[in-house]
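Trainee: when you get a sec, could you give me coordinates for this:
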Amino acid sequence: MSDTRSEDGLVLGLEGTAWNLSAALFGEGLVALHSSPYIPQKGGIHPREAAQHHASVMKEVVSRVLTEPERIRAIAFSQGPGLGPSLRTVATAARALAIALGVPLVGVNHCVAHIEIGRWATGFADPIVLYASGANTQVLGFLNGRYRIFGETLDIGLGNALDKFARSHDLPHPGGPAIERLAREGNYIELPYTVKGMDLAFSGLVSAAQESTAPLEDVCAGLQETAFAMCVEVTERALAHAGKDEVLLVGGVGANARLQEMLRTMCEDRGASFAVPERTYLGDNGAMIAYTGKIMLEHGVTLPIEESQIRPGYRADEVEVAWWTGPGEIFAAGPLPEGGIARGAEAVVEIREGDVVKRRTGKRYRNPGLDRRLIAERTRAEARLIAAVRRAGVPTPVIRDVTADTIVMERVEGDVLKYVTSAENVRLAGKAVGRLHGAGIVHGDLTTSNMIVRGDQCVLIDFGLASTSPEVESRGVDLHVLFQTLESTTENYGELREAFVAGYAETFPGADEVLSREHEVELRGRYL
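Mentor: Numbering: from 1, shown residues only. Got it, this is the predicted structure:
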């Protein structure tokens, strides 16, 4: 390799996971960027047509940026996740370029590239990330060498949900911008709201919006307000659980001004910093692949040609993030001291001498009507279900008083599980959850923040998202929420999962069926 390449070299990045073929050069900064999007004549993205488009414009797109081939020191390409035909087209071009130029190949995870270009563009160090794109909707944070997924969509991505609704009303592709314009002229209408811990689902919301007979502008307003409030809620829950103080928005849907406004408001109210990169870096683009390829190359992460197969289901949490210098902070604040006041994701909790006062406060980011509905529904449901759970023999706090937005309950002496995640304590949690599911109740927010270890018991708290359900699916989702939390916040996840499963099977005869369904739920989180 020449001195020019080593001292003043550039990385060429190729992005083509779905609809947009894009190439870029990155050195000390962005040097060149050119894109050629595939626009379907009708309907959504057709994978073969997208791949054919990419192949037909590849030479022109690369030529526009590759003006000094002697300066190229590596070829980076989006290895996954994405549409198989599109990924194969880009990977083939990347291999050919690497061989022709005699430079290394770097396989980049598309999702991680969105995060890294966002961190570079905003200067954020260790954020909670809301990644909202067509096929992906995830909340992530860094810990111990990987981006951990705190929560994600259980069905379709936010962008695909918006596109699906748009197609049903003959709106242009992509549907997000058209829905945003119409929503500005409409009034909020009530639509289904589905949050399960730090996971969420959009299919029911989209179906209800498609079937609504309200004016289109009002449906768009209701769709946006509901979907975005769900995303902000799970982001706030991850922020509160992890104890971080930065929120970064990335992905193509991040260009929506209303989503940005809602996240910014939530962060202001929590004393956290919020940032979103400029529009150039939000949608799928070659710059994010080139930049991430550059930092991977600088840390010795390259890919032999014979190992450069595409990975359509490539998860962000599978990537070893060798370029981070620290482990990432989590739970830095520590447990709440006696007599303190904590602000959770949806309520303010006051710890008093003999009891705990949990008051749901309004969220400025949410539509007022939606906000009032959620506060009232969740407060009533929580009080009712805590009483039902106690009757089933599951350790919970004793309720002493209930109002429209406040529950006064017994103070539980013990340690919050997220600070004491030993195998034995997690086994106790498994026993409690087994009894809960045996009573036909699902918690809805099974995180280690909502479990208190007291002697030889694990007390379950915070039933704001709980519901009665005998369905295997609901129980599987419950366990998926907990397993994601353990995986994203602990170093010995395998051992802790085994301990939980042992306790769960001890008290719930249907454990095997639920665990099998949890695995199915996990697989749905792959690229859709």
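Trainee: mind giving me the domain split of this protein?
Mentor: Domain assignment for the chain by automatic domain parsing gives 3-113+283-314, 116-280, 341-524.
Trainee: got any ranges where the stretch 51-200 of the chain has weak pLDDT?
Mentor: Applying pLDDT under 70 to the stretch 51-200 of the chain picks out no residues at all.
Trainee: if we use 90, what do you get?
Mentor: The stretch 51-200 of the chain contains residues with pLDDT under 90 at 134-135, 143-146, 148, 150-151, 154, 172-174, 196-199.
Trainee: which residue ranges of it form strands?
Mentor: With DSSP state E, counting those that start in this stretch as the criterion, the stretch 51-200 of the chain has strands at 72-80, 105-109, 128-132, 137-143, 146-152, 195-196, 199-200.
Trainee: now render the domains of the chain as a markdown table, adding distance to W324.
Mentor: Every residue, glycine included, has its C-beta placed from N, CA and C. Compiled in a markdown table, the domains of the chain are given as follows (distance: least, C-beta to C-beta, whole Å):
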| stretch | distance to W324 |
| --- | --- |
| domain 3-113+283-314 | 9 |
| domain 116-280 | 6 |
| domain 341-524 | 15 |
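Trainee: any chance of these in CSV with mean neighbour count and distance to E320 as columns?
Mentor: CSV is the format used below for these (neighbours: other C-beta atoms under 10 Å; distance: least, C-beta to C-beta, whole Å):
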stretch, mean neighbour count, distance to E320
domain 3-113+283-314, 20, 8
domain 116-280, 21, 6
domain 341-524, 19, 14
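Trainee: I'd say L428 and V453 touch.
Mentor: Yes: shown here, L428 and V453 form a contact pair, counting by C-beta atoms under 8 Å, at 6.4 Å.
Trainee: what residues are shared contacts of these two?
Mentor: Counting by C-beta atoms under 8 Å, 6 or more residues apart in numbering, L428 and V453 have no contacts in common.
Trainee: that older thread, quick one: closest of the strands of the stretch 51-200 of the chain to N256.
Mentor: strand 128-132 (8.5 Å; C-beta to C-beta).
Trainee: any chance you could map the helices in the stretch 301-450 of the chain?
Mentor: Using DSSP state H, counting those that start in this stretch, the helices of the stretch 301-450 of the chain run over 368-391, 423-438.
Trainee: C-alpha coordinates for the longest one, CSV please?
Mentor: Just to be clear, that refers to helix 368-391. Taking C-alpha atoms only, helix 368-391 is exported to CSV below (Å, rounded to 0.1, in the frame of the first residue of the first chain):
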residue,chain,number,x,y,z
PRO,A,368,-53.4,15.5,26.0
GLY,A,369,-56.3,13.1,25.2
LEU,A,370,-54.0,10.1,24.8
ASP,A,371,-52.1,11.1,27.9
ARG,A,372,-55.3,11.3,30.1
ARG,A,373,-56.5,8.0,28.7
LEU,A,374,-53.2,6.1,29.5
ILE,A,375,-52.9,7.6,33.0
ALA,A,376,-56.5,6.6,33.9
GLU,A,377,-56.4,3.2,32.3
ARG,A,378,-53.0,2.2,33.8
THR,A,379,-53.7,3.4,37.3
ARG,A,380,-57.1,1.5,37.5
ALA,A,381,-55.6,-1.6,35.9
GLU,A,382,-52.5,-1.6,38.1
ALA,A,383,-54.5,-1.4,41.4
ARG,A,384,-57.0,-4.1,40.2
LEU,A,385,-54.3,-6.5,39.1
ILE,A,386,-52.0,-6.1,42.1
ALA,A,387,-54.9,-7.2,44.2
ALA,A,388,-55.6,-10.2,41.9
VAL,A,389,-51.9,-11.2,41.9
ARG,A,390,-51.7,-11.1,45.7
ARG,A,391,-54.7,-13.4,45.9
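Trainee: just checking, what packs against that helix?
Mentor: Secondary-structure packing of helix 368-391 (3 or more C-beta pairs under 8 Å, 6 or more residues apart in numbering; DSSP states H and E): helix 216-242, strand 355-360, strand 399-402, strand 406-410, strand 441-442, strand 467-468.
Trainee: switch to 7 Å and redo it
Mentor: For helix 368-391, the elements it packs on are helix 216-242, strand 355-360, strand 399-402, strand 406-410, strand 441-442, judged by 3 or more C-beta pairs under 7 Å, 6 or more residues apart in numbering; DSSP states H and E.
Trainee: export those to JSON lines and tack on mean pLDDT and distance to M262?
Mentor: Compiled in JSON lines, the helices and strands packed on helix 368-391 are given as follows (pLDDT from 0 to 100; distance: least, C-beta to C-beta, whole Å):
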{"stretch": "helix 216-242", "mean pLDDT": "95", "distance to M262": "5"}
{"stretch": "strand 355-360", "mean pLDDT": "93", "distance to M262": "18"}
{"stretch": "strand 399-402", "mean pLDDT": "94", "distance to M262": "29"}
{"stretch": "strand 406-410", "mean pLDDT": "95", "distance to M262": "25"}
{"stretch": "strand 441-442", "mean pLDDT": "94", "distance to M262": "27"}
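Trainee: now those in JSON lines, with distance to A257?
Mentor: As requested, the helices and strands packed on helix 368-391 are exported to JSON lines (distance: least, C-beta to C-beta, whole Å):
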{"stretch": "helix 216-242", "distance to A257": "10"}
{"stretch": "strand 355-360", "distance to A257": "28"}
{"stretch": "strand 399-402", "distance to A257": "39"}
{"stretch": "strand 406-410", "distance to A257": "34"}
{"stretch": "strand 441-442", "distance to A257": "36"}
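Trainee: quick one, which of the ones you listed is nearest to A166?
Mentor: Smallest distance to A166 across the helices and strands packed on helix 368-391 (C-beta to C-beta): 9.2 Å, for helix 216-242.
Trainee: quick one: the next helix or strand after the closest one to chain centroid distance?
Mentor: Once the chain leaves helix 216-242, the next helix or strand it forms, by DSSP states H and E, is strand 246-250. Relative to the chain's own centre, strand 246-250 is displaced by 11 Å; criterion: C-alpha atoms, centre = their mean, to the nearest Å.
Trainee: using PDB, write out every CA atom in strand 246-250.
Mentor: Listed next in PDB are the C-alpha coordinates belonging to strand 246-250 (Å, rounded to 0.1, in the frame of the first residue of the first chain):
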ATOM      1  CA  GLU A 246     -28.200  11.200  26.200                       C
ATOM      2  CA  VAL A 247     -30.800  10.200  23.600                       C
ATOM      3  CA  LEU A 248     -29.900   9.900  19.900                       C
ATOM      4  CA  LEU A 249     -32.400   9.500  17.100                       C
ATOM      5  CA  VAL A 250     -31.300   7.700  13.900                       C
END
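Trainee: who touches that strand?
Mentor: Residues outside strand 246-250 that contact it (C-beta atoms under 7 Å, 6 or more residues apart in numbering): 114-115, 118-119, 122, 124, 126-131, 235, 239, 260, 263, 267, 272-277, 282.
Trainee: 6 Å instead, please
Mentor: 114-115, 118, 124, 127-131, 263, 267, 272-276 (C-beta atoms under 6 Å, 6 or more residues apart in numbering).
Trainee: which SSE is immediately downstream of it?
Mentor: Per DSSP H and E, the first helix or strand lying C-terminal to strand 246-250 is helix 257-270.
Trainee: which strands and helices sit next to that following helix?
Mentor: Helix 257-270 sits against helix 216-242, strand 273-275, with contacts defined as 3 or more C-beta pairs under 6 Å, 6 or more residues apart in numbering; DSSP states H and E.
Trainee: can you rerun that using 10 Å?
Mentor: Counting contacts by 3 or more C-beta pairs under 10 Å, 6 or more residues apart in numbering; DSSP states H and E, helix 257-270 packs against strand 128-132, helix 175-183, helix 216-242, strand 246-250, strand 273-275.
Trainee: list the neighbouring strands of the fourth one plus their orientation.
Mentor: Its sheet considered, strand 246-250 pairs with strand 128-132 (parallel), strand 273-275 (parallel) by DSSP bridges.
Trainee: angle of the helix or strand that comes right after the last one against strand 246-250?
Mentor: This means strand 273-275. With elements assigned by DSSP H and E, the helix or strand that comes after strand 273-275 is helix 286-298. Put simply, helix 286-298 runs at 120 degrees to strand 246-250, going by axes from the mean of the first three to the mean of the last three C-alpha atoms, to 10 degrees.
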